[in-house]
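Engineer: what's the 3D shape of this:
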Amino acid sequence: LKENGSELNAVVDLIQSSMDCSEGDDKAIRRVAALKVAMQAFAVEHGCSAVAIQCWSALQESIGIMPCLANALMTDEGIPVVCETDVHGAVTSVMAQAAALDSTPPFFADLTVRHSQNDNGELLFHCGNFPLSLTAPGCTPRFRKHFLFEDHAPGTHESEIRGGDISIVRFDGDHGRYQLFLGKAHGIKGPYSRGTYVWIEVNDWPLWEEKLVKGPYVHHCVGIHADVIPALYEACRYIPGLEPDTVDPTEAEIQAWLRGR
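Structural biologist: All right, here's what the predicted structure looks like:
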């Protein structure tokens, strides 16, 4: 990339105007911006609908940054970028975004810990890849260094995102059997976290946990601020070998809704 190319400078300007960059130097910001421009060019050239990136630790060793913010910027522009080379997570993101008719970006999260004061509460978190457009009212996203890895490379985006109604989705498979986990949640207040995060409440977390642990799923999910569950449930009818795995609403409730009840 040209050091002073217009595309690169536009992304640098976006980062500096949208975030608190007091902890980031110009070199780190420009490298994150360059990674975003490079990923976007690659995705467009190859006709990619999404990207799965090996976010650690090769990137830190080769170019000295975390890709989290670059992932967030890409996702905000309609090409979801997911962490840890999670191809099934990329598929999930594309499905959720399409079901929402591109009206809002998805966010790719770790399922982490239960709320200390709410047995149906759970923290959705990742190091810094949630889209900036989802930032919670009153919060200022921050350009920061990673708080866990030993090298503490810069390039993460830290902020709470807005709550409201959220669909939780996960496409995954094991031994040739593919399922689509579908559930609805609502954002709630909870303790501060590093990275990008939102606390959610669901109808019955122990039931969710049982399905997620016993099903073919890993620890990643996709959230989206839209009711995409009926559309994705119906989509399974037209995708051979994909079974819907509903938790809330139930399959019977979704079918009744689709019938107009």
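Engineer: Tell me which helix or strand comes right after the lowest-mean-pLDDT helix or strand in the chain.
Structural biologist: Here the helix or strand of the chain ranked lowest by mean pLDDT, DSSP states H and E is helix 58-63, holding a mean of 89. Sequence order places helix 68-76 as the next helix or strand after helix 58-63, per DSSP states H and E.
Engineer: For that next one, list every residue counted as buried.
Structural biologist: Using 16 or more other C-beta atoms under 10 Å as the test for burial, helix 68-76 gives 68, 69, 70, 71, 72, 73, 74, 75, 76. C-beta here means a position set from N, CA and C on the backbone, and glycine is covered the same way.
Engineer: now swap in stretch 156-174 and tell me
Structural biologist: Buried residues in stretch 156-174 (16+ other C-beta under 10 Å): 156-161, 163, 166-173.
Engineer: what's the spacing between residue 249 and residue 184?
Structural biologist: 7 Å (C-beta to C-beta, to the nearest Å).
Engineer: Not counting its own residues, what contacts the helix or strand harbouring residue 234?
Structural biologist: Residue 234 is part of helix 229-235 when elements are defined by DSSP H and E. With C-beta atoms under 8 Å, 6 or more residues apart in numbering as the test, helix 229-235 has contacts from 95-96, 99, 167, 169, 180, 182-184, 244, 246, 249, 251, 254, 257-258.
Engineer: how does it look with 6 Å?
Structural biologist: 99, 167, 182, 244, 254, 257, 258 (C-beta atoms under 6 Å, 6 or more residues apart in numbering).
Engineer: which two in these are spaced the farthest apart?
Structural biologist: Spanning the widest gap among the contacts of helix 229-235 are 167 and 258, at 15.7 Å by C-beta to C-beta.
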